[in-house]
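Take this sequence and fold it.
(chains A and B)
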Amino acid sequence: GAGVSQSPSNKVTEKGKDVELRCDPISGHTALYWYRQSLGQGLEFLIYFQGNSAPDKSGLPSDRFSAERTGGSVSTLTIQRTQQEDSAVYLCASSFGQGAETQYFGPGTRLLVL
Amino acid sequence: GNSVTQMEGPVTLSEEAFLTINCTYTATGYPSLFWYVQYPGEGLQLLLKATKADDKGSNKGFEATYRKETTSFHLEKGSVQVSDSAVYFCALIGGSNYKLTFGKGTLLTVNP
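Residues are numbered from 1 along each chain as shown, chains lettered A, B, ... in the order given. Below is the predicted model of the structure:
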């Protein structure tokens, strides 16, 4: 079946603009995760959804970052007033449950803030 | 908190050579351990996992054994191929948690 998809695949924006990144998880997966991959910090956890609620937002780097999930499916990560340090690859993953369940990753959105 | 330390790369090998990538971890409770692989231009894929001590995960000729006494999960392959060239990430999910904590990744290049 279809894997995790993300859009756009690449996004170039100017400093100070807002961006929205979209994730479509695997159908039937109740858990959804956002991670960020950058040269300096490696792979970092951002936020976790179980259904539509986000019990753990601890990885969001600042209040400029927010995310929502609707219908237990699609999720959107929004970055307001982007800064150059936000440049990274944003990865979405989903899993059937939590714990040791395998997380399946999407191809990522490469964000460049000029 | 949880952390994963894996050997610094890059690692360059000739085809059919033996591969070891070391990984050690710090975690509370009893973590589950993973190796993920990122091939050039592709997304992260699970390579193998182990959920309890002494378990061995294996896939595509790769193996790793969960060693609680040494807090290690070293990745091995007896004979690498050019197609194994990729970045390899060791990771864990600690205790009753759900977030993956990753090592910094090891770039492997296999030459023909």
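
Poorly predicted segments of chain B, please.
B:95-96 (pLDDT under 70).

Please enumerate the strands of it.
B:3-6, B:11-14, B:19-21, B:23-26, B:32-38, B:44-50, B:56-59, B:62-65, B:75-77, B:86-93, B:101-102, B:106-111 (DSSP state E).

partners of the third one, with directions?
If I follow you right, that is strand B:19-21. strand B:75-77 (antiparallel) (DSSP bridges).

Touching the strand it pairs with from outside, list them.
With contact meaning CB atoms under 8 Å, 6 or more residues apart in numbering or on different chains, strand B:75-77 is reached by B:18-21, B:23, B:35, B:47, B:61-64, B:84, B:88, B:90. (C-beta placed from N, C-alpha, C; glycine too.)

Number of residues surrounding residue A:110?
15 (other CB atoms under 10 Å in any protein chain shown).

what separates it from chain B, distance-wise?
11 Å (CB to the nearest CB, to the nearest Å).

which of the contacts of strand B:75-77 are buried?
B:19, B:21, B:23, B:35, B:47, B:62, B:63, B:64, B:84, B:88, B:90 (16 or more other CB atoms under 10 Å in any protein chain shown).

Disregarding residues adjacent in the polypeptide, which is nearest to residue A:92?
Once flanking residues are discounted, residue A:92 sits nearest to residue A:23: 3.4 Å by CB to CB, 6 or more residues apart in numbering or on different chains.

Let me fix that, I meant to ask about residue A:8.
residue A:109 (6.0 Å).

Could you check how far that neighbour is from chain B?
For residue A:109 relative to chain B (CB to the nearest CB), the value is 11 Å.

can I assume that residue is in contact with residue A:86?
No: between residue A:109 and residue A:86 there is no contact under CB atoms under 8 Å: 11.6 Å.

and for the two, which residues touch both?
Between them, residue A:109 and residue A:86 share no contacting residue, judged by CB under 8 Å, 6+ apart.
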